[in-house]
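Peer 1: got a sequence here, can you model it:
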Amino acid sequence: MELGLIKLAVADGIAVVTMDNPPVNAQSAQFNLEMAYVFDTLSDRDDVRVAVLTGAGKVFSAGADMKGRAGLASPGERWQHNRRARESYHAIRECAKPVIAAINGAALGAGLAVVASCDILIAAEEASVGLPEIDVGLLGGGKHGQRLFGHSTLRRMMLTGRRLPGAELYRLGVVEACVPRAELMNSAMAIATEIAGKSPAAIRLAKQALNTIEDMSLRDGYRYEQNMTAQLSEHPDSKEAVAAFLEKRKPVFGG
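Peer 2: The predicted structure is shown next:
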């Protein structure tokens, strides 16, 4: 697929994915299709171990393209629109590689869904997250918001359109750090570099396990993790990690 609204650059095992649909990175049909395609592609690329997702300009993503909603009256198009949007977020969450969100500005509505689909979150001081759908006659984002916020906070956001700034997101423990915008990508890349240095096989299984156990009971979830550990222990990377630990050297992973 030819990319126009989602930019992709790969170096040293790290993919930088940039939403680039000026002026506010609104999510159109083409945007959703490209987003799903990019993250499905990253799952299959052996040269990628981790991804950083950010927005071009001063906005992460202001949500759905409201101008594009005019075409949803055609038979079937509303359902197709919803399907495209869902799959674009699922592609991030289900990507075999960890995804770090570098939230450079406002992430609103569908932009919050993108944030909540990522694995690790870093916010700029100028960032904010909100669910403004109530002000434009729409709903959505509550389920994704439950992955980030507590009961009362989420309901206030959804019922009032309240936005939470980067500093508040850090205070609530929603993001790992809140930094000046100029330092945002360096902070995200530092985490990405650390992850890229781990065993690709272990990272892949770890993300798979985390996604799978999210809705499991303690007993079933821990059993699943134990099975993943047994599977990983047979991988050459696991044997190399043990050997490196015993020999007090840096491991060399084959991938």
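Peer 1: tell me if I'm right that Leu205 and Leu232 touch.
Peer 2: Yes. Applying C-beta atoms under 8 Å, one finds Leu205 in contact with Leu232, separated by 5.3 Å. Just so you know, the C-beta spots here come from the backbone N, C-alpha and C atoms, and that holds for glycine as well.
Peer 1: can you check what pLDDT the model gives the nearest residue to Val136 once chain neighbours are set aside?
Peer 2: With C-beta to C-beta, 6 or more residues apart in numbering as the measure, Met66 is the residue that lies nearest to Val136, at 6.9 Å, once sequence neighbours are left out. pLDDT, Met66: 75.
Peer 1: surely Met66 and Ala26 touch.
Peer 2: Yes. In this structure, Met66 is within contact of Ala26 by C-beta under 8 Å, at 7.4 Å.
Peer 1: those two - which one has more neighbours?
Peer 2: Residue environment comparison for Met66 versus Ala26 gives the larger neighbour count to Ala26, 23 against 12, counting by other C-beta atoms under 10 Å.
Peer 1: spit out the contact partners of Arg219.
Peer 2: With C-beta atoms under 8 Å, 6 or more residues apart in numbering as the criterion, no residue contacts Arg219.
Peer 1: so after the strand or helix carrying it, what's the next helix or strand?
Peer 2: Element membership for Arg219, per DSSP states H and E: helix 218-233. Beyond helix 218-233 in the direction of the C-terminus, DSSP H and E gives the next helix or strand as helix 236-247.
Peer 1: now the residue nearest to Val136: how far from Thr160?
Peer 2: 20 Å (C-beta to C-beta, to the nearest Å).
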